[in-house]
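Novice: my questions concern the predicted model and sequence given below.
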Amino acid sequence: MDIKEIERQIVSFAKKRALAKNFDLTPELSYIHLTEELGEVARQLSNKKIRPDLFDENNLKEEIVDVILEALILANLCKVDLDKEISEKIDALFKKHGFSK
């Protein structure tokens, strides 16, 4: 599945969820959800070092995917052309650090 199809599916889900729960899907709300998901990743990474008994590798994977999906929703709401912007960013990073692709 390519990034456009993943974005299409998760945005469709997010819009249906917003409608069902009677709230507006906005960039600000998506950003809040994104930071919540990042916090859950941080908690699992901290657990791995500080509280290994609470570390759950499967949950860490799930939370990382949640971050990616919420970032896709936010990008869509902000009208970001992900194919274009990601390609340009990767090219710029290679160039900035003097690496060839």
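Specialist: Nice, thanks for sending it over.
Novice: state the distance from the residue nearest the centre of the chain to S100.
Specialist: When C-alpha atoms, centre = their mean is applied to the chain, the residue found nearest the centroid is I68 (2.2 Å). From I68 over to S100 the distance is 27 Å, taken as C-beta to C-beta, to the nearest Å. Where C-beta positions appear, they are placed from N, C-alpha and C, glycine not excepted.
Novice: now swap in K4 and tell me
Specialist: With distances taken as C-beta to C-beta, K4 is found 27 Å from S100.
Novice: higher neighbour count, these two?
Specialist: Neighbour count, other C-beta atoms under 10 Å: between K4 and S100, K4 has more, with 12 against 5.
Novice: for that one, what are its contacts?
Specialist: L82, D83 (C-beta atoms under 8 Å, 6 or more residues apart in numbering).
Novice: the one 3 residues further on too?
Specialist: With contacts defined as C-beta under 8 Å, 6+ apart, the neighbours of E7 are L72, A75, N76, L82.
Novice: was I right about A18 contacting L25?
Specialist: Yes: between A18 and L25 there is a contact under C-beta atoms under 8 Å: 4.1 Å.
Novice: where along the chain do the helices fall?
Specialist: 3-21, 27-50, 57-77, 82-96 (DSSP state H).
Novice: now those as TSV including mean pLDDT?
Specialist: Converted to TSV, those look like this (pLDDT from 0 to 100):
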stretch	mean pLDDT
helix 3-21	97
helix 27-50	98
helix 57-77	98
helix 82-96	96
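Novice: which of those helices sits most buried?
Specialist: A comparison of the helices of the chain by mean neighbour count, using mean count of other C-beta atoms under 10 Å, puts helix 57-77 on top with a mean of 17.
Novice: ok, and what's touching stretch 38-57?
Specialist: Outside stretch 38-57, the residues that touch it by C-beta under 8 Å, 6+ apart are N59, L60, E63, I64, D66, V67.
Novice: recalculate using a threshold of 10 Å.
Specialist: Contacts to stretch 38-57, defined as C-beta atoms under 10 Å, 6 or more residues apart in numbering, come from residues N58, N59, L60, K61, E62, E63, I64, D66, V67, E70, A71.
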